[in-house]
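In: Here's a sequence, model it:
(chains A and B)
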Number of protein chains: 2
Amino acid sequence: MTQMESARKGIITKEIEAVALYEKMSVEDVLSRVGEGTICIPKNINHNLKVVRGVGSGLKTKVNANMGTSKDYCNLEEELQKIDVAVQAGADSIMDLSTGGDIKAIRQAMIERSPVMVGTVPIYEAAAVEQYKDGGAVVNMKEEDIFRVIEEQAEQGVDFMTLHCGVTRQSVEALKNHKRICDVVSRGGSFLVAWILHNDKENPLYEKYDRLLEIARKYDITLSLGDGFRPGCLADATDRGQIQELLILGDLVRRAREAGVQTMVEGPGHVPLNQIITNMQLQKKLCDNAPFYVLGPLVTDIAPGYDHITCAIGGALAACNGADFLCYVTPSEHLALPTVQDVEDGVIATRIAGHAADIAKGIPGAMDWDNEMAVARKKRDWTAQYNLAINPERAKKVRGDRISEDEEVCSMCSGLCAIKLVEDYFKKK
Amino acid sequence: MTQMESARKGIITKEIEAVALYEKMSVEDVLSRVGEGTICIPKNINHNLKVVRGVGSGLKTKVNANMGTSKDYCNLEEELQKIDVAVQAGADSIMDLSTGGDIKAIRQAMIERSPVMVGTVPIYEAAAVEQYKDGGAVVNMKEEDIFRVIEEQAEQGVDFMTLHCGVTRQSVEALKNHKRICDVVSRGGSFLVAWILHNDKENPLYEKYDRLLEIARKYDITLSLGDGFRPGCLADATDRGQIQELLILGDLVRRAREAGVQTMVEGPGHVPLNQIITNMQLQKKLCDNAPFYVLGPLVTDIAPGYDHITCAIGGALAACNGADFLCYVTPSEHLALPTVQDVEDGVIATRIAGHAADIAKGIPGAMDWDNEMAVARKKRDWTAQYNLAINPERAKKVRGDRISEDEEVCSMCSGLCAIKLVEDYFKKK
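Out: Alright, predicted model coming up:
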């Protein structure tokens, strides 16, 4: 039985218990939300997952870190190091997006290394295998290849899978007549668009959705319904292509729920600040409050090298208004395969966004952390400040590199520390 | 005559012309807004300012970079380098907050080096001189010292000055009975609180506000009414102390306008994401739409080492909803005097926030930049992408460090570039 099926039967699994404990939510609330599908607990039955997390309504905002090889940079050791760094920095999940090297073996190693849930985009493997053959091409994927890869990955223990089931012949046709600057920037989406056009066939992930649901149900894989038509620039945001796909994804959420399969919905992307709330409300409404997993949103296109920041801005506002799961974006986005340092920077920036949103939403316990830090600041208790910092090592290093003569304060204000001064004179009076 | 006075007479100064040109706004609109005080043009009559900028209603969001020495780190060359780096990164103004070394000489050098407007907090100089005497203390400042420093700085050509005129005896009394975690974190505010308590006297900047207005009028200094009671942690945000001061600042704005003196109002600070819009609306309403200059707001307290990011999140939402001028926060905030690299990182993060807000607000031309980048991305025109990037050198370096074998794409997707693939198959059909 999937978590959703057993929740509907009122069975309290140890995963439901773990989520309730971590979230300071009652077991009954978690149970009913998993049953209705507004919370998912991605965990493959074949995965001995150490850290179980729920994603969805009323829960702490979760953070995902993408990693994996490309044809240009394929170094398993580095990818494994990225897992360690991401988890250390507080990521709730990782996605292995490898497209270079021995993809299956890499994934096996990554699943073994990761204490947190693991996601993939199976079509990447199917496509990479075809594309990197001599004279090969993505469009040569066979329907059976795609399903075989999905089943293999399921067997390996992948907890959630991005599947672009909403990319249909009809939407590809519509895209041709519809003015967009960047057309399709979703990698999985682009493979399917190319495949549909070249083969003049319907997307098998849409047409054979029931087959997909069967596999997902068998392994309790959470489907993450990909947004193949997500905007790749601000100008393309919230347009016909994007919303049309969202309508389809809403229908697919309902079908998955009927089949007892857990689902999330993926969202944009590049979105102007003033369209983020609209996007969150639309997804929640059209997809019956399915957990919403967003990539960004990036609030401007002009900052390559800093897209962890453009993403943190959009992610904070998104999570405040409905997004449940934030996929990080690293400083290397749009430019290169991320480095290990990029992974750390991306996770921290995204956690900041998620935490700021959790405070705003009143998630139990979120504000306590800030209050403890405020008290430590007031006391000039630097050990406590380091320990409470989202990245203690970084805080220690920054202060240590430019330490003040007076150990009680920092070198910015030196002898003119506002907190100390006011305390001194309040005490005197 | 101040810009405000001449605007009221319908005189089109070259500064008004410069602002109108830069902002793609009509000269008439700028003129009437400067006259009513919803736009200020900080420029001291003694300052041969190269880059003239307006701050306020309907204009592009402006970005300020703080710098200056402390007792622990006092290196003029480094501070001058910070000016160069900040201006190169796109700062619209700098503030010299020096409290270490020969403060007057340092300021003179900084004013000479800066092509952009220069702000100060005069009480820092007055306080530092007293505090760093043998056995000295901030509270020994004499009223005359404070006004002498203000007049000297005015003569040197400072364009705008932060003055904490809203810190009054009454509000200090109220603070004693009012529960706050961090009490006062504004440095200038803390000097005045200590001074008021120790000397049992009213704040001279409040009591002798007319004297201040006279100096400001003489040199056309823009008063930036400081928020001495700004919250220093999320828990203290939007509280009695903060709003009480804002009421006073609103009154002082009206008195300044009557005297023909340009003013801005300063705002928080540390503010939860869900209180930012409230804060913006309150300031705009209570201060008759005076230009709003905010420090942050930082949306969480737990990220020392990353406060340029916590600030970018809050700043973007603030600028979207009323803030006109964003003071950057660097990664060293709460930990140490910022380095040159911190200055660059802080300016860029804050510019990203301002630009994202400008797009959302529909500031003329803002979105064009993003659209050009989107077109360059679609074309895989890397030269154009670098040139359009907010920091071309950084974008070039990130891609260059992990270049793809295929010059047309990047090493993240290598042979599986979505944009390229879709274009190929769209073209074929």
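
In: I'd like the distance from the helix or strand hosting A:His198 to the chain centre, please.
Out: Using DSSP states H and E, the element containing A:His198 is helix A:187-199. Relative to its chain's centre, helix A:187-199 lies at 23 Å (CA atoms, centre = their mean, to the nearest Å).

In: which other helices and strands contact it?
Out: Helices and strands touching helix A:187-199, as assessed by 3 or more CB pairs under 8 Å, 6 or more residues apart in numbering or on different chains; DSSP states H and E, comprise helix A:122-131, helix A:169-177, helix B:418-428. In short, each C-beta sits where N, CA and C put it, glycine included.

In: any idea of the mean pLDDT in that helix?
Out: Helix A:187-199 comes out with an average pLDDT of 96.

In: What of stretch A:148-158?
Out: 98.

In: about what we covered before: which of the helices and strands packed on helix A:187-199 sits closest to A:Arg230?
Out: helix B:418-428 (10.5 Å; CB to CB).

In: still on that earlier bit, with mean neighbour count, mean pLDDT and distance to A:Ala357 as extra columns, can I get the helices and strands packed on helix A:187-199 in CSV?
Out: Below are the helices and strands packed on helix A:187-199 laid out as CSV (neighbours: other CB atoms under 10 Å in any protein chain shown; pLDDT from 0 to 100; distance: least, CB to CB, whole Å):
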stretch, mean neighbour count, mean pLDDT, distance to A:Ala357
helix A:122-131, 24, 96, 29
helix A:169-177, 16, 88, 31
helix B:418-428, 18, 87, 28
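
In: Output those helices in TSV; the columns should cover distance to B:Asn371.
Out: Formatted as TSV, the helices and strands packed on helix A:187-199 follow (distance: least, CB to CB, whole Å):
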stretch	distance to B:Asn371
helix A:122-131	30
helix A:169-177	19
helix B:418-428	16
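
In: and B:His47, which of the ones you listed is closest to it?
Out: Taking the helices and strands packed on helix A:187-199 one by one with CB to CB, helix B:418-428 is closest: 48.0 Å.

In: Let me know the angle separating the closest one from helix A:169-177.
Out: 90 degrees (axes from the mean of the first three to the mean of the last three CA atoms, to 10 degrees).

In: hmm, helix B:418-428 touching chain A?
Out: Yes - for helix B:418-428, a contact with chain A is found by CB under 8 Å from any CB of the partner chain, at B:418-419, B:421-426, B:428.

In: Which neighbouring elements make contact with that helix?
Out: helix A:187-199, helix B:366-378.

In: which strands and helices sit next to the last one?
Out: Same thing as helix B:366-378. Against helix B:366-378 (3+ CB pairs under 8 Å, 6+ apart) you get helix B:340-361, helix B:382-388, helix B:418-428.

In: Out of these, indicate the one that is most buried.
Out: helix B:340-361 (a mean of 26; mean count of other CB atoms under 10 Å in any protein chain shown).

In: pLDDT of that one, averaged?
Out: 98.

In: check whether it contacts chain A.
Out: Yes - contact of helix B:340-361 with chain A (CB under 8 Å from any CB) involves B:348-349, B:352-353, B:355-357, B:359-361.

In: would you list those residues in TSV and tack on distance to A:Asp236?
Out: TSV is the format used below for the residues of helix B:340-361 next to chain A (distance: CB to CB, whole Å):
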residue	distance to A:Asp236
B:Ile348	25
B:Ala349	25
B:Ile352	20
B:Ala353	22
B:His355	18
B:Ala356	16
B:Ala357	20
B:Ile359	14
B:Ala360	16
B:Lys361	20
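
In: about what we covered before: just send the helices and strands packed on helix B:366-378 back as CSV, with distance to A:Asp72 too.
Out: Compiled in CSV, the helices and strands packed on helix B:366-378 are given as follows (distance: least, CB to CB, whole Å):
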stretch, distance to A:Asp72
helix B:340-361, 27
helix B:382-388, 15
helix B:418-428, 14
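
In: so which of these comes closest to A:Ile150?
Out: Going by CB to CB, the one of the helices and strands packed on helix B:366-378 nearest A:Ile150 is helix B:418-428, 20.3 Å.

In: Can you tell me what sits against the closest one?
Out: A:138-139, A:176, A:182-187, A:189-191, A:193-194, A:197-198, A:232, B:377-378, B:380, B:408-409 (CB atoms under 8 Å, 6 or more residues apart in numbering or on different chains).

In: With stretch A:142-150 instead?
Out: A:122-123, A:125-126, A:129-130, A:161, A:163, A:204-205, A:208, A:211-212, A:215.
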